[in-house]
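1. I would like the atomic coordinates for the input below:
(chains A and B)
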Amino acid sequence: MTEDNEFGFWEFVKSGKFELPAEPASKRAVSFFEKLFSGSSEETGEGGIEAVQSELKSAPRSLIDWLAPYPNWEAAAAAIKEVLLPWLEDETLEGNSRVLVAPYGSGLGEMLKILAEENNWTILTAPDYIVLRTRNFSWLEALPAKSEKPLIIPRLEAFFLRHYNGLEHIRKLISKLFHSRQRCIIGCNSWLWNYLDSAMHIRESFNRCYYLQSLSAQDLQTLFCSLESRKSYRPTVFRQADNGSFILPPEKTGKGRLDAAAIKADSSADAFPSAFLKKLAVESRGIPLVAWSIWRNSLRLAPDEDVAELARETADKDAAATATAKTIWVKAFEDIELPGIPGDIGQTGAFLLLYLLQHDGLSTDAIFDLLSLGKDRLIGLLNRLLKAGIVVNENEVWRVSWQGYPAIRRFLAEQDHLQDAM
Amino acid sequence: MPPETTTPEQIFRDFEQIPFLYIIFLIVTAVVLSGLIRKFIPALARLLPPRFSYYLLPMIPIFRLLITGITLLLLVPTIVKPTMQNFIAFFGAVGLALGFAFKDFASSLIAGIIAVYEQPYRVGDRVTINGIYGEVQAINLRSLKLVTPDDDAVTIPHSCIWNGSIRNANDGCREQQCSALFYLHPEHDPELVRQILHDVALTSPYTQFSRPVRVVIREFPLATQYRIRAYPIDGHDEFAFVSDLTERGKTALREAGFKFASTRSPAVIDPGESAI
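-> Numbers count the residues shown, from 1 in each chain, chains lettered A, B, ... in the order given. From the prediction side, this is the model:
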C-alpha cells in the first residue's frame, strides 16, 4: 500500500459534499427507544463477561502512547495543499482568501501550521486577549506586507473574542485582508464559523470555503493502524474484550505484522472495518481527535486467565499465528465510559461550554470577562465539569475535552444552543 | 287543556336509585386525573428540550376541561332521569340559578372555556392584563395565575377577556422581542453608537440569531434614545437578557467615551417603555 493510499482519507470538500459517518438503521432505532425508555439498553452480552471485563486493567499511559500516539498531520497538510493547488497556482486571483472549516477536535490548526512550516509560508500571529477586548486596532498595522506567498491563519479562534469589541477586530481583519489582495488561508472551527456566519454573515466575505470531511470507520481503521505502526516493532493484535474479535486487521498492526493467511477467525476483508470502529465513527462524528481519545480510553490489558471464555476460544483459533503477538484488549464499545454532563448545570453550563467551543479554549480571566454570570458560580461550574471529564485545564486554558465532545454536543442540542456549522 | 308540568320527583331519580358510590368514584377519578395532568405534563415538558414546553403546557387546560366535561356528562344521567324533557329542564334550571346567583362565576367559567379555544393567553405566555405583567403559570376553570417579575402570584378571572385588552408578548411562541434602552447626551457619533450596541446584542449569550437584531434611534430634546431590539433564544430569559444587554451596553459605551444623558426629563421617557 502506498503512502498516498494509506493517508488519502484526509479530504476537504465543499459544503454540499460534507457527510457524517453512516449510522446503521438499527442503531438509530435503538437510540430512539433508549431515549424513550431510558431504563432499557442494548444487549450486554452473555452472563459473566461483564465481570471479567471489569477485571481488565487500563493500559499504562506509556503503553497507550506507544499504541496510539498523537496523530501527526503531515498527510492532512498535504491534502490541504492539494485541494488549494489550483488556486495557489492561479495568477489571476479569483478570490484572495480560502477558508477551511473543521469541527472542534480536528487538529485543523496543527495541519495549517505544518503546511506553513513545510512551505515556508508566514503565519499570522494573533494579538493578545487584552488587546482584543479593547478598541485598539493597531495590531492590524503590523500585518506582513503583501507577498507572493500565502499568509496563514491557523486558528481564527485566536483572533476572536465574543465580546462587544471582539467582532470589530474580525471585521477589520477581513477588510484588511480583502484590500491587501494577499492570498490567505484561514482555518476556523465549525462552532465559531457558525457563530460568525449568524452574527456577521462571514461566509459572504469569502469566495470559497472547504470543510474537512468526517472520517469513516474505514478511515479510522487506517488512522489507528498507522499510529500503532509508527512506534510498535512487534506484532500487536487488538481484540474486543467481550468476544475476542479483531478490532483492527492484525496484518496491518505492528511492524512485525502477522501473516493474514495464518489467521482464521474474523480476519476476512468482510469483517473490517469492525463493528467497534463503525460505532466509534458514528459516536465521534468522524472527528479525528474525538475518535482518537475514545480509542485510547478503550485500550485494556489483561492476563490470559482474565479474558472471557468466549474471547479466549476465538483467540485460541489463531494461537499459532498470534503467539508472538502482544494482545491488546479493547473494551466493547457499549462498555466504554465516556464523560457525561453533570445534572443541573443548565443554561449557565450551556453558555460556558458554547463559549469554550467557539473560542477553542479560554483562560479563567477571559471566562469571567466574557460571561457575566458570577465568578463563584463559574468557578463551581468549572470544577464540576473538570471532575466529570467534560473540560480540561491545560496551561491555564480551559477547553472542552475531546472525549466529552459527543456528550456536550448532545447537551447543547437539548438546550437549543447547537450552533455548529457541521 | 292545562299545560303539562314536571315536578322535581319526575326529573330526579329516586334517592335509592342514585348510585352514590359511582358518583364518588367519578368525582375522585376526575380530581385524580386532573391532578395527574397538572403534574405529568409540566414534568414531561421539563424532560424534553425547552421548546416543547410551548406546545405541551397550553394543553393542560384543554385536558382539564375535557375531563370536567366528560365527568359532568357521566354524572348528570345518574341523578336526572334520562329523558330529553328532563335534561332540558335540569340544565335550564341550573343555567338560571347560575345566571342569577353566580353571575360573575358563570361569566368567568364561560370566558375560561372560550379562552381555552381562542387562546388569548396560554401557559408560558408573558401577558399584560389590567396593567399587570407576568408569565401565565396556570389556567384554571375560573381564573388564570400570573407570576410577575417580582415573583408575585396574581389571580385574574377569565372574565377579563370580555371587556379588557390583553397584551401577549410572545403569543405561544418561544421567542419574544426584548428591548434595552440607552439615553446618551445628544452630542455624539450615532453611527459608532449603533455599531457598538449592535455588537453588544450580537455577543450576548442569550441572543437568538434566527431573528433580527436592530438598534433604533429616537431623538428627544435632552437626549438621544437608543433601543436595542433583539430576541433571546428562550423568552423566559427576557429579564436576564435585557439586564445583560443593559449592563454590557453601558460598559461598552462608557469605555468608548460616550456621555450619558445626565437629566431624564419626562420628555425623554418613552411612553411605550413601561411594558418592560
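2. looking at the stretch 101-250 of chain B, what residue ends up closest to chain A?
-> residue B:209 (3.7 Å; CB to the nearest CB). To be clear about C-beta, it is placed using only N, CA and C from the backbone, and glycine gets the same treatment.
3. list the contacts of that residue.
-> By CB atoms under 8 Å, 6 or more residues apart in numbering or on different chains, the residues touching residue B:209 are A:198-199, A:419.
4. could you do residue B:143 as well?
-> Residue B:143 neighbours (CB under 8 Å, 6+ apart): B:108, B:112, B:155-158.
5. columns pLDDT, distance to residue A:121 and secondary structure on top of those residues, output as CSV?
-> Output for those, formatted as CSV (pLDDT from 0 to 100; distance: CB to CB, whole Å; DSSP: H, G, I helix; E, B strand; the rest coil):
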residue, pLDDT, distance to residue A:121, secondary structure
B:108, 80, 75, helix
B:112, 80, 71, helix
B:155, 92, 70, strand
B:156, 91, 68, strand
B:157, 89, 73, strand
B:158, 88, 71, coil
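6. out of the residues you listed, which are buried?
-> Those of the contacts of residue B:143 that meet the buried threshold are B:108, B:112, B:156-158, by 16 or more other CB atoms under 10 Å in any protein chain shown.
7. what's around the residue in the stretch 1-150 of chain A that chain B sits nearest to, how many residues?
-> Closest contact between the stretch 1-150 of chain A and chain B, by CB to the nearest CB, is at residue A:135 (6.5 Å). Neighbour count of residue A:135, defined by other CB atoms under 10 Å in any protein chain shown: 15.
8. name the nearest residue to it, sequence neighbours excluded.
-> residue A:165 (5.3 Å; CB to CB, 6 or more residues apart in numbering or on different chains).
9. burial of that neighbour, as a residue count?
-> 21.
10. now distance to residue A:344 too, for the buried ones among the contacts of residue B:143, in JSON lines please.
-> Below are the buried ones among the contacts of residue B:143 laid out as JSON lines (distance: CB to CB, whole Å):
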{"residue": "B:108", "distance to residue A:344": "39"}
{"residue": "B:112", "distance to residue A:344": "35"}
{"residue": "B:156", "distance to residue A:344": "33"}
{"residue": "B:157", "distance to residue A:344": "37"}
{"residue": "B:158", "distance to residue A:344": "36"}
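11. now do the contacts for the closest residue to residue A:331 other than its chain neighbours.
-> Leaving aside its chain neighbours, residue A:331 sits nearest to residue A:298 (4.5 Å; criterion: CB to CB, 6+ apart). When contacts are counted by CB under 8 Å, 6+ apart, residue A:298 touches A:276, A:330-331, A:333, A:336.
12. pLDDT wise, what is residue A:298 at?
-> Residue A:298 carries a pLDDT score of 90 in this model.
13. and for residue B:266?
-> On the pLDDT scale, residue B:266 gets 51.
14. and what of residue B:215?
-> 96.
15. ok so it is a strand residue?
-> Yes - assessed by DSSP: H, G, I helix; E, B strand; the rest coil, residue B:215 belongs to a strand.
16. residues near it, how many?
-> Residue B:215, neighbours per other CB under 10 Å, totals 22.
17. for it, name its beta-bridge partners.
-> Under DSSP bridges, the beta-bridge partners of residue B:215 are residue B:228.
18. surely it is in contact with residue B:228?
-> Yes - the pair residue B:215 / residue B:228 is scored as a contact, 5.5 Å apart, by CB atoms under 8 Å.
19. pull up the overlap in contacts between these two.
-> B:197-198, B:201.
20. give me every residue in chain A lying close to chain B.
-> A:134-135, A:162-168, A:198-200, A:347, A:351, A:354-355, A:371-372, A:413-417, A:419 (CB under 8 Å from any CB of the partner chain).
21. give the ChimeraX command for selecting the buried subset of the residues you listed.
-> ChimeraX command restricting the residues of chain A next to chain B to the buried ones, with burial defined by 16+ other CB under 10 Å:
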select /A:162,163,164,165,166,167,168,198,199,200,347,351,354,355,371,415,416,417,419
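22. shaky segments in chain B?
-> Within chain B, the ranges that satisfy pLDDT under 70 run B:1-10, B:98, B:263-276.
23. and it, what are its domains?
-> B:8-101, B:126-168, B:178-275 (automatic domain parsing).
24. just to revisit the earlier point, now the residue of the stretch 1-150 of chain A closest to chain B: phi and psi?
-> Main-chain torsions, residue A:135, degrees, to the nearest 10: phi -100, psi 30.
25. wait, it sits on residue A:166?
-> No - counting by CB under 8 Å, residue A:166 is not a contact partner of residue A:135; they are 10.4 Å apart.
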